[in-house]
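A.B. asks: coords below, sequence missing:
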């Protein structure tokens, strides 16, 4: 049973539903079909690691008015019954002859008139979590009702966090803060990187993570090569920079930030790169405001790095954060999304010290009317040295 | 960098690719488009937790002849470059104007003649991991080439494990075996369930899991209510049965089995239910053979439970296992999939002792010509009692 003390108040879920329905009305949608763990958790509070199994699809339908309807495998009925959702329709999944398609089609036909439009997220950074052939069959079964793109409707609501959500993300960040403070216990000269990765996850659990959905990192002389590889058994060597990054989860909300550590000694160019990252992040912490675009944040961070003699790394320099490890927007030159108060964001500038040698710095913030409020404890201004 | 000592030999990847291409030829497919972490890892060896971020799509195209082509975000180029894939085409993702669609369309048009068919998995237990609107745009861009369902092509190859894969799953099972042996260290009378869940994950890491993608469980008087809920802070009480279940990952391969523990004392009906589960599992371990169907396994387990006075639980009673926590087939009355030698499977009988009070037992096996070989150490015949 989900711990009531750790769930959201009913009013929070009603607010979310009202906001979605307001967006649907503006967009001319008569229902919203949700299929992903994140969207379904957001609307209903249904939280389980069972999504790890790709076997079964799960559906929640938000009608134009009234409460959401769950159309789910029967194995989830008990847990969904503990949320605020009361209309729960189930089938025995997986069913090779009809894996919920008839039940979902009937539900949509119940809730939406024949000329109606049903939204589901189809755009950037979204996925449809159901078999494609089932989706095709569904669209035929519900005709003349039509499916339309609901990316904007969902993202404009989810991207602005309530204070209750900010508190959850702050708690996840605090787990990582306490863990990063304990890195000297398990990382140092001669320690194999894969052992460090395991201990990092162990301590995240000890410090209160419910589970650790994401860890990444790297280590290399004066900087690392990339930040997405699994760890090898290579021992940490004098002159390495070790980076550890985590998406630890508490109550269904993620943190996502990293910390860097020098092993034994810091090369001069590494120290300069780290200082530039620090100053560029400070600049963003001072200047970000609602109304700026994601591209503006990219430019501010790049300008801050260049002004301090560093070469910005490629790729995005931060992103949204919340119910998933990464959310929109993306701090790239092409993303014109407008920042809004209540957005939880990562500032993630990277520099290329030399080809194949990078350094990445990351903090988590909530954007307020008067600027960023840190959710992660600010990284130390100088690279800590581990022996 | 991925640890070469823990990766597969090139010959293994070539075999997998050859097998897919043989299936494609039989099905009349001119290319195969893969989008999920599991399918892409299977073909290329590309292993990263970065899939946790929903921001970016990743693509691998297997042509009718020749080596696979990766069409991926540039952030993955280094890691993909360490696999056997040499044709790696990248774009800077996420890109709101064109998130890889043009590059993927150009690649498919390079590799497939205009009248050709491109397969991608669309059926039961599959998902398309890219934005739906991008998929629609892609199908228009590659016309008159057409997309067809490749579920069978992919599943018939992936479901039969090589000896190298069996060794990986055996190693993951051994991690869980060692962890279950240590459960008395951290579970017992008065211990809160959420603390037990955390310690369970901690010990899985200590015993060699690279990461813990899935844990589940339950606790209740004489049996538990469901098996997919997060843990609460409820302390374990005398008469509870505690169940812990894990999908721990090593080298990208999962185990998936559970163990039950009685707290302080065992009720008579619980002991009978456990005995029935044990005998039914033994029956399946003795009688399963290649050529049987998934529905046959369901019947064997149900018959074994009923013959011992137990009521089979609803839902499936086991499934495939490997690169994901669960794979097809499903042991249900409706699944007519034929079992083949080399399949790795879970036997997962459940009984309902009373409404809302169940007991679930699980083992992992590889099916050989002469029957199952256990990959998990067989559970104890009697419920272990923790004080």
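C.D. replies: Right, received. Where do you want to start? All values reported here derive from a predicted model rather than from experimental measurement.
A.B. asks: Give me the distance between residue A:8 and residue A:49.
C.D. replies: To residue A:49, residue A:8 is 19 Å away according to C-beta to C-beta, to the nearest Å. Every C-beta, even on glycine, is put in place using the N, C-alpha and C of the backbone.
A.B. asks: Next, see if stretch A:331-339 gets close to chain B.
C.D. replies: Yes. For stretch A:331-339, a contact with chain B is found by C-beta under 8 Å from any C-beta of the partner chain, at A:332, A:334, A:335, A:336.
A.B. asks: Number of residues surrounding residue A:289?
C.D. replies: Neighbours of residue A:289 under the rule other C-beta atoms under 10 Å in any protein chain shown: 14.
A.B. asks: typo on my end, residue A:275
C.D. replies: The burial count for residue A:275: 16, using other C-beta under 10 Å.
A.B. asks: Just list the residues touching it, thanks.
C.D. replies: By C-beta atoms under 8 Å, 6 or more residues apart in numbering or on different chains, the contact set of residue A:275 is A:308, A:381, A:382.
A.B. asks: same thing but 10 Å
C.D. replies: By C-beta atoms under 10 Å, 6 or more residues apart in numbering or on different chains, the contact set of residue A:275 is A:308, A:309, A:310, A:381, A:382, A:383.
A.B. asks: Which of the helices or strands spans it?
C.D. replies: Here residue A:275 sits within helix A:268-287, counting by DSSP states H and E.
A.B. asks: ok, now residue A:352?
C.D. replies: Secondary structure assigned from DSSP H and E places residue A:352 in strand A:350-354.
A.B. asks: With residue A:197 instead?
C.D. replies: helix A:193-206.
A.B. asks: Against which helices or strands is that helix packed?
C.D. replies: In terms of contacts (3 or more C-beta pairs under 10 Å, 6 or more residues apart in numbering or on different chains; DSSP states H and E), helix A:193-206 is packed against helix A:163-181, helix A:183-186, strand A:211-221, strand A:240-250, helix B:193-206, strand B:211-221.
A.B. asks: chain center to the longest one, what's the gap?
C.D. replies: What it means is helix A:163-181. For helix A:163-181, the separation from the chain centroid amounts to 14 Å (computed by C-alpha atoms, centre = their mean, to the nearest Å).
A.B. asks: tilt between that helix and helix A:193-206?
C.D. replies: With axes from the mean of the first three to the mean of the last three C-alpha atoms, to 10 degrees defining the directions, helix A:163-181 sits at 140 degrees from helix A:193-206.
A.B. asks: One more: the fourth one?
C.D. replies: Counting by the same axes, to 10 degrees, strand A:240-250 lies at 30 degrees to helix A:193-206.
A.B. asks: pLDDT averaged over strand A:240-250 - what is it?
C.D. replies: Mean pLDDT, computed over strand A:240-250, is 97.
A.B. asks: ok, and the most crowded of the contacts of residue A:275?
C.D. replies: residue A:310 (25 neighbours).
A.B. asks: Count the neighbours of the nearest residue to that one once chain neighbours are set aside for me.
C.D. replies: In space, and not counting its chain neighbours, residue A:310 is closest to residue A:276: 3.6 Å by C-beta to C-beta, 6 or more residues apart in numbering or on different chains. Neighbour count for residue A:276, taken as other C-beta under 10 Å: 23.
A.B. asks: Read off the pLDDT value for residue A:276.
C.D. replies: Per-residue confidence (pLDDT) for residue A:276: 98.
A.B. asks: now residue A:228
C.D. replies: Residue A:228 is assigned a pLDDT of 91 by the prediction.
A.B. asks: and it, how many neighbours?
C.D. replies: Neighbour count for residue A:228, taken as other C-beta under 10 Å: 20.
A.B. asks: separation between it and chain B?
C.D. replies: In this view, residue A:228 and chain B are 4 Å apart by C-beta to the nearest C-beta, to the nearest Å.
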